[in-house]
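# Please find the sequence and the predicted model below.
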Amino acid sequence: MSRNRSNYFSKACKVIPGGVNSPVRAWKSVGGQPVFVSHANGSKIYDVSGKEYIDYVLSWGPMILGHAHSKVSKAICSKAMKGTSFGAPTEAETQMAELISEAIPSMELIRLTSSGTEATMTAIRLARGYTGRNLIAKFDGCYHGHNDSLLIKAGSGVATFGIPGSPGIPAEIAGLTLNLPYNDIDALKTTIEAYGPKLAAIIVEPVAGNMGVVPPQKGFLNKLRKLTAKYGIILIFDEVITGFRFTFGGYQNLIGIKPDLTCLGKIIGGGMPVGAVGGKKEIMEKLSPAGNIYQAGTLSGNPLAMSAGLTTLNILKTRKTTFSSLDRKTGRLLTEIKNLFVSKGIAVCINQVHSMFTIFFQPGPVYDLSAAQKSDTAMFACFFHGMLKNGIWLAPSQLEAGFLSFAHTEKDIDKTIDACSKTLKNL
Ligand code: HOZ
């Protein structure tokens, strides 16, 4: 099997930089060669040799209903028979915008894109165009896609590979982005007092999911909302991961904070490429062709993405009350895993927010990027490979999130606990 696996990867490396189309897939921080996937169904993912794994990556979050959900797959197939892209408006785009706006009332007007990266890029441009200011601020370890202004001290692959940013981003552009430590109210206050009138926007993951899972501390997001409002700074919530993951709506629904703009992606596409930016009408209507701030996309609001996304959201809408069952399942899994680590005498800090989690290999607490980076990544790598051998598919980096889906069963949880127990014997 390993020979097959390396064949796939070495062939890929000849035609794709690093053999992958997104860096974190390359397993650089855990070592070894990435497993190539053949297919997935429900809570399971299968590699090219046919081995089955319980999947806690879920395509980095979107597959909340599980893989190849029958209704979602049927919707995509029947839509595909009627044409896959028109470059002209369809009713499904309006239905999608209506559904999002109903679920997340701060999103009064919505523009659909093909990825979360496009959504955050558009949000930043809108904020700058609307305020006439150039500076923006972001939080260390938050990742908002790979656009130039937002890749500074970012999370995900940038943090995993320990790089501050990326060559190719001109210093003049990077210099317009201020960096703040996540959850640090004092640093936030000082920065806003110094730069407030020059800041167009502050963008934040309201629950950070790209330096591992890091919840906002009490008062942090409230203070951020108050200070941004005071200085006329556009507050952007990046809910690409958290949108529709905890409730039928965004994390903002649960905490009662209204950002000016919100970015979505992942779940609203039901596994197809999608993104969305939305917010206050007076800001959003500056977007072309209603206004003069330009943004466009041939595949924006693509019919297949709309059908997968609408089907997923409509199913989630009927599950309004059962998000708590997902949280409970996640809680049981993590409690049992924590007990196993305690009895083995290995200190871990497990951060859980509803159905998202990260097991940090350190005592914790983990409340920002510098704390997250204190984790024992060598031990994480051993754990990752042990779990994989025992049939559990985790993200190949300490600084990423794990996810549960509605397709995960109590039996899956039992099997995962068993796999963890076996893995820990050899750790
Ligand atoms: N942390 C990333 C998603 N939010 C991982 C996916 C990728 O970069 O390919």
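Received, thanks.
# Show me the strands in the chain, by range?
For the chain, strands defined by DSSP state E occupy the ranges 37-41, 44-47, 52-55, 109-113, 135-139, 177-180, 199-204, 234-238, 261-265, 275-279, 349-353, 356-360, 392-393, 402-403.
# pretty sure residue 317 contacts residue 247?
No: assessed by Cβ atoms under 8 Å, residue 317 is found out of contact with residue 247, at 10.7 Å. Just so you know, the C-beta spots here come from the backbone N, C-alpha and C atoms, and that holds for glycine as well.
# rewinding a little: how about the strands of the chain in JSON lines, adding distance to residue 13?
Formatted as JSON lines, the strands of the chain follow (distance: least, Cβ to Cβ, whole Å):
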{"stretch": "strand 37-41", "distance to residue 13": "17"}
{"stretch": "strand 44-47", "distance to residue 13": "18"}
{"stretch": "strand 52-55", "distance to residue 13": "23"}
{"stretch": "strand 109-113", "distance to residue 13": "31"}
{"stretch": "strand 135-139", "distance to residue 13": "33"}
{"stretch": "strand 177-180", "distance to residue 13": "33"}
{"stretch": "strand 199-204", "distance to residue 13": "34"}
{"stretch": "strand 234-238", "distance to residue 13": "32"}
{"stretch": "strand 261-265", "distance to residue 13": "28"}
{"stretch": "strand 275-279", "distance to residue 13": "29"}
{"stretch": "strand 349-353", "distance to residue 13": "34"}
{"stretch": "strand 356-360", "distance to residue 13": "29"}
{"stretch": "strand 392-393", "distance to residue 13": "22"}
{"stretch": "strand 402-403", "distance to residue 13": "28"}
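# Which one of these lies nearest to residue 379?
Checking the strands of the chain against residue 379 by Cβ to Cβ gives strand 356-360 as the closest, at 10.5 Å.
# Is that closest one positioned near the ligand?
No: with Cβ under 6 Å from any ligand atom as the criterion, the ligand is not reached by strand 356-360; the gap is at least 11.3 Å.
# count of residues packed around residue 218?
When neighbours are defined as other Cβ atoms under 10 Å, residue 218 has 9 of them.
# swap that for residue 336, sorry
16.
# Could you tell me which residues of the protein lie near the ligand?
Going by Cβ under 6 Å from any ligand atom, the residues of the chain near the ligand are 22, 24, 60, 143, 156, 157, 210, 241, 400.
# how about a cut-off of 8 Å?
Residues of the chain lying close to the ligand (Cβ under 8 Å from any ligand atom) are 22-25, 60-61, 116, 143, 146, 155-157, 209-210, 240-241, 266, 395, 400-401.
# Quick one, which of those residues are buried?
23-25, 60-61, 116, 143, 146, 155-157, 209-210, 240-241, 266, 395, 400-401 (16 or more other Cβ atoms under 10 Å).
# Identify the residues contacting the residue nearest to residue 281 when sequence neighbours are not counted.
If you skip the residues right next to it in sequence, residue 281 has residue 108 as its closest partner in space, 4.4 Å away by Cβ to Cβ, 6 or more residues apart in numbering. By Cβ atoms under 8 Å, 6 or more residues apart in numbering, the contact set of residue 108 is 101, 278, 279, 280, 281, 284.
# what's the answer for residue 24, then?
Contacts of residue 24 (Cβ under 8 Å, 6+ apart): 156, 157, 160, 395, 396, 397, 400.
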